[in-house]
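K.L.:
coordinates only, sequence not included:
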Ligand code: NAD
């Protein structure tokens with residue numbers, strides 16, 4: 001088994017080798033379970049990004065651009081195998097870096113391996129079409145890579161988001177430059193090293209850590225980038241789209257959410273309950289597709305609040321390596337943001353809180369899970385993405401009102417509906433404004449195979465599943481007149 005060596009966490013991985021950032025500066029990265037510095041990471045800047053983009057351009061215009069889909073598929077499958085063999089190692093690294101409880105970090109590492117496996121298998125299944133046209137013509141379409149793709153990734157699910165965007169980009173023959181989040185560089189660097197060890201040629205995947213406004217902005221504004229895939233906040237997503245507009249390059253934006261689960265009075269509550277709570281507290285609520293709003297029909301409202309409250313009361317929060325229900329938030333800065341929103345909770349009842357274990361280090365970024373009930377749909381806690389372990393329960397009377405409340409935010413990422421009425425399931429699936437709708441289940445973040453993306457402020461474009469292969473290619477139409 002190959003274990004990523006990560007001899008230096010404070011370097012960039014460019015053109016298949018470890019390099020100090022040109023400015024020779026580093027940034028501290030904390031372990032959020034303790035608040036102590038875990039390591040230093042490279043503070044890459046525009047010169048490092050330029051170097052990485054040049055390496056990617058050379059790779060794309062060289063041997064990598066001539067690989068067959070089958071060769072890329074085989075390579076991705078090998079990378080996936082190596083990731084599978086290193087799941088525990090990667091999970092531990094992620095747990096210490098971002099505070100994710102070990103079991104959840106392990107699920108992310110498995111998902112990274114699955115993305116490689118999925119896109120490895122899909123690489124040679126993507127093809128164009130023939131189109132009937134005028135007499136004497138043969139018309140067909142080709143799917144070609146964009147060229148050099150930029151990937152700007154947040155800290156909440158680094159391995160999953162790298163897997164879904166870099167996996168699809170490599171499968172379709174692009175060369176990549178990846179800018180991980182400041183708080184979460186380790187698994188990105190380890191992945192690049194694993195991929196290199198599996199045989200990915202130099203320059204095909206380059207990783208430049210650094211600040212968003214330095215390395216990130218340099219990547220999104222680089223003239224030689226042909227496609228940008230961004231996952232992160234709405235505010236930065238808007239900047240990325242504006243900067244891509246300057247070079248007229250396509251962008252995929254995966255932004256935030258305020259995703260509802262709608263519970264009708266005929267719902268199977270026993271089946272629903274684990275999904276209702278887990279979808280809110282998974283990764284301490286720092287999930288773009290977290291279900292932070294639970295809409296419940298009046299007749300079952302008290303019952304649902306009581307059942308959820310009982311679960312919340314039993315939730316334990318503590319260090320990532322203790323592997324409890326909930327870990328710390330990614331940083332004390334994120335904790336301050338969440339507490340800032342919670343300070344505006346006036347007018348809603350606290351139905352229950354979880355607990356922080358006594359042995360949790362005082363410097364850790366811990367926030368106890370909180371369940372709020374009786375929120376009006378326009379309350380700030382029911383409208384704003386909180387990105388902490390917080391859910392609000394909102395009552396409704398009828399189907400039309402449920403749809404109005406569910407669709408009544410600026411976001412539209414994921415939604416779910418709990419009912420045993422088949423006709424209602426179909427109506428709700430059509431009317432809910434979201435990129436994914438789950439019926440009698442909820443999938444926050446899961447599903448390598450399932451196309452994913454938003455409406456409204458949740459962003460545009462689709463990643464994951466086979467659909468992502470279309471995002472990472474350009475369609476060319478060839479019309480031959482042969483008589
Ligand atoms: P963020 O937008 O602050 O940062 C995301 C990435 O963008 C980081 O790598 C950061 O360094 C970089 N960045 C920051 N400023 C930049 C700039 N000016 N130019 C270029 N890059 C820049 O987001 P975050 O706080 O890391 O992540 C939390 C947000 O991400 C939440 O809003 C969450 O909903 C969203 N998110 C969405 C999805 C999804 O798939 N829809 C998934 C995960 C997270």
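P.N.:
Arrived safely, thanks for sending. On a predicted model such as this, the values are computed, not experimentally measured, just so you know.
K.L.:
for the chain, which helix is longest?
P.N.:
helix 102-122 (DSSP state H).
K.L.:
give the contact list for the one residue sitting closest to the centre of the chain.
P.N.:
Central residue of the chain (CA atoms, centre = their mean): residue 161, 4.3 Å from the mean position. Residues near residue 161 by CB atoms under 8 Å, 6 or more residues apart in numbering: 153-154, 231, 254. (Each C-beta comes from the backbone N, C-alpha and C, glycine too.)
K.L.:
also within reach of the ligand: list those from the residues you listed.
P.N.:
153-154, 231, 254 (CB under 6 Å from any ligand atom).
K.L.:
out of those residues, who's nearest residue 135?
P.N.:
residue 254 (45.3 Å; CB to CB).
K.L.:
leaving out the residues flanking it, which one is nearest to the closest one?
P.N.:
Counting by CB to CB, 6 or more residues apart in numbering, residue 231 is the residue found nearest to residue 254 once chain neighbours are left out, at 4.1 Å.
K.L.:
that neighbour contacts residue 287, doesn't it?
P.N.:
No: using CB atoms under 8 Å as the test, residue 231 is too far from residue 287 to be in contact (11.8 Å).
K.L.:
any residues in contact with both of those two?
P.N.:
By CB under 8 Å, 6+ apart, no residue touches both residue 231 and residue 287.
K.L.:
what average pLDDT does the host helix or strand of residue 400 get?
P.N.:
Assessed by DSSP states H and E, residue 400 sits inside helix 399-406. On average, the pLDDT along helix 399-406 is 98.
K.L.:
cool, stretch 77-85 as well?
P.N.:
Across stretch 77-85, the average pLDDT comes to 97.
K.L.:
do stretch 451-458 as well
P.N.:
pLDDT averaged over stretch 451-458 gives 97.
K.L.:
compute the first-to-last residue distance for that stretch.
P.N.:
Stretch 451-458 has an end-to-end distance of 14 Å (CA to CA, to the nearest Å).
K.L.:
now residue 99: how far from residue 105?
P.N.:
Distance from residue 99 to residue 105, counting by CB to CB, to the nearest Å: 9 Å.
K.L.:
overlap in contacts of the two?
P.N.:
residue 320.
K.L.:
so what's the backbone phi/psi at residue 476?
P.N.:
phi -120, psi 130 (degrees, to the nearest 10).
K.L.:
quick one: residues contacting it.
P.N.:
141-144 are the contacts of residue 476 under CB under 8 Å, 6+ apart.
K.L.:
go with 7 Å
P.N.:
Listed by CB atoms under 7 Å, 6 or more residues apart in numbering, the contact set of residue 476 reads 141-142, 144.
K.L.:
burial measure for residue 71, as a count.
P.N.:
15 (other CB atoms under 10 Å).
K.L.:
no wait, residue 206
P.N.:
So residue 206, with other CB under 10 Å, has 28 neighbours.
K.L.:
pLDDT (mean, whole number) over the helix or strand containing it?
P.N.:
Using DSSP H and E, residue 206 sits within strand 205-207. Mean pLDDT, strand 205-207: 98.
K.L.:
my guess is residue 452 contacts residue 464. True?
P.N.:
Yes: the pair residue 452 / residue 464 is scored as a contact, 4.3 Å apart, by CB atoms under 7 Å.
K.L.:
looking at the two, which has the bigger crowd around it?
P.N.:
Each of residue 452 and residue 464 has its neighbours counted (other CB under 10 Å); residue 464 has more, 26 against 23.
K.L.:
what's the pLDDT at residue 432?
P.N.:
On the pLDDT scale, residue 432 gets 98.
K.L.:
tell me the contacts of it?
P.N.:
406-407, 415, 417.
K.L.:
stretch 274-294: which residues count as buried?
P.N.:
For stretch 274-294, burial by neighbour count (16 or more other CB atoms under 10 Å) applies to 275-277, 279-294.
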